[in-house]
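Student: predicted model and sequence follow; I will ask about them next.
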Amino acid sequence: MVRPGKRSVRLLCCSSVAALVVVLVILVTPSAPPVYTYEIVHTYPHDAQAFTQGLVYVDGQFYESTGLYGASSLRRVELETGNVLQERDLDAAYFAEGLALVDDRLIQLTWQSQVGFVYDRETFALLDQFNYASEGWGLAYDGEQLMMSDGTATLHFLDPTTLTETRSVQVHDGDTPVVRLNELEYVEGEVWANVWQTNRIARIAPRTGKVVGWIDLTGLLDAGTRQDGAATGLTEDVLNGIAYDAEGERIFVTGKLWPWLFEIKLSRVE
């Protein structure tokens with residue numbers, strides 16, 4: 001019987017170790033989160049003067065929070081026509097931001113004032129106000145807790161009754177923090193977040209902050225339809241506004257100063 005020499009044994013061992021290292025690297029290297037593209041199912045009118053900051057769908061209508069100093073409001077909007085059915089204007093000192101519905105209360109954030117407002121859902125009467133330590137950007141409710149973004153990679157979780165913070169989590173794609181989280185929506189166990197000044201929505205696991213998917217909405221609004229943001233002194237009319245119809249499993253998206261609101265269907269990019 002021919003026995004392998006020491007050199008052959010060493011080469012065989014080295015090859016086995018190298019193969020094992022490759023297998024281990026494959027096993028421990030996290031895969032990139034999947035990317036989803038869209039199909040437009042329906043296009044609805046939207047007020048092109050509405051600087052959309054928060055959007056909630058309930059019972060065939062939208063509740064919308066619009067921003068800018070001197071133009072901030074809380075609105076009830078008809079889906080099919082985009083008509084404003086009810087409106088409450090904020091004091092000019094406030095720049096309105098995210099919005100969420102908790103039972104019969106509408107919770108609205110403001111940008112840098114560190115104050116939020118609580119309204120009666122039906123009458124828009126002011127019921128209460130509360131404070132928070134960061135800026136206010138986006139807000140969503142999962143049936144148990146509120147989730148708030150502040151323009152960083154942090155999601156803050158608030159008790160829906162006391163409106164005080166209970167915990168926070170850092171949102172990340174692999175090892176990379178995902179900053180500029182803006183308008184939020186809770187969708188089937190995930191929190192979706194517009195990433196400010198991009199055409200992307202991050203799909204986030206709220207317990208861990210891990211990004212489990214990306215939605216690419218590039219081209220949703222034709223470039224020729226966009227307005228010049230110079231008049232506001234702020235950003236141009238970017239994507240911002242996500243609403244979910246849980247019963248009908250419908251996804252709605254729009255943007256700041258957009259003349260349209262889109263119902264979309266997602267498909268995974270292979």
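Tutor: Nice, thanks for sending it over. Computed from a predicted structure; not experimentally measured.
Student: just want the most central residue of the chain.
Tutor: Per C-alpha atoms, centre = their mean, the C-alpha nearest to the average position across the chain is that of residue 193, at 1.7 Å.
Student: so that residue versus residue 247, what's the distance?
Tutor: 23 Å (C-beta to C-beta, to the nearest Å). For glycine as for every other residue, the C-beta is placed from the backbone atoms N, C-alpha and C.
Student: okay but residue 165 is in contact with residue 132, surely?
Tutor: Yes. Counting by C-beta atoms under 8 Å, residue 165 does reach residue 132; the two are 7.1 Å apart.
Student: more neighbours, the two?
Tutor: Higher neighbour count among residue 165 and residue 132: residue 132, with 19 against 15, using other C-beta atoms under 10 Å.
Student: not counting its neighbours along the chain, what's nearest that one?
Tutor: Excluding the flanking residues, the one nearest residue 132 by C-beta to C-beta, 6 or more residues apart in numbering is residue 114, at 5.8 Å.
Student: contacting residues for the one you found?
Tutor: Contacts here follow C-beta atoms under 8 Å, 6 or more residues apart in numbering; on that basis residue 114 touches 131-136.
Student: overlap of the contact sets of residue 165 and residue 132?
Tutor: 156, 158.
Student: any idea where the helices of the stretch 1-150 of the chain begin and end?
Tutor: Under the criterion DSSP state H, counting those that start in this stretch, the stretch 1-150 of the chain contains helices at 6-28.
Student: flag the shaky bits of it, pLDDT-wise.
Tutor: Within the stretch 1-150 of the chain, the segments meeting pLDDT under 70 span 1-30.
Student: hey, where'd the strands end up in it?
Tutor: Secondary structure of the stretch 1-150 of the chain, counting by DSSP state E, counting those that start in this stretch: strands at 35-45, 52-58, 61-66, 73-78, 84-89, 96-102, 105-110, 115-120, 126-131, 139-141, 146-149.
Student: which residue is the nearest non-sequential neighbour of residue 39?
Tutor: residue 265 is the one closest to residue 39 (C-beta to C-beta, 6+ apart), at 4.7 Å.
Student: surely that neighbour meets residue 36?
Tutor: No. Shown here, residue 265 and residue 36 do not form a contact pair, counting by C-beta under 8 Å, at 9.9 Å.
Student: so what sits opposite residue 177 in the bridge?
Tutor: Beta bridges link residue 177 to residue 172, judged by DSSP bridges.
Student: who touches it in this structure?
Tutor: With contact set as C-beta under 8 Å, 6+ apart, residue 177 has these partners: 153, 170-171.
Student: out of those, who's the most crowded?
Tutor: Ranked by neighbour count (other C-beta under 10 Å), the contacts of residue 177 have residue 171 at the top, with 25 neighbours.
Student: give me the pLDDT value at the closest residue to residue 205 other than its chain neighbours.
Tutor: Nearest non-adjacent residue to residue 205, counting by C-beta to C-beta, 6+ apart: residue 212, 5.4 Å away. Note for residue 212: predicted pLDDT of 97.
Student: next, the angle from the host helix or strand of residue 212 to strand 35-45.
Tutor: Here residue 212 sits within strand 211-216, counting by DSSP states H and E. Comparing the axes of strand 211-216 and strand 35-45 via axes from the mean of the first three to the mean of the last three C-alpha atoms, to 10 degrees yields an angle of 50 degrees.
Student: what about strand 211-216, distance to the chain center?
Tutor: 11 Å (C-alpha atoms, centre = their mean, to the nearest Å).
Student: what pairs with it, parallel or antiparallel?
Tutor: By DSSP bridges, strand 211-216 pairs with strand 35-45 (parallel), strand 200-204 (antiparallel).
Student: could you say which of the ones you listed is packed most deeply?
Tutor: Of the strands paired with strand 211-216, the one with the most neighbours on average (mean count of other C-beta atoms under 10 Å) is strand 200-204, at a mean of 23.
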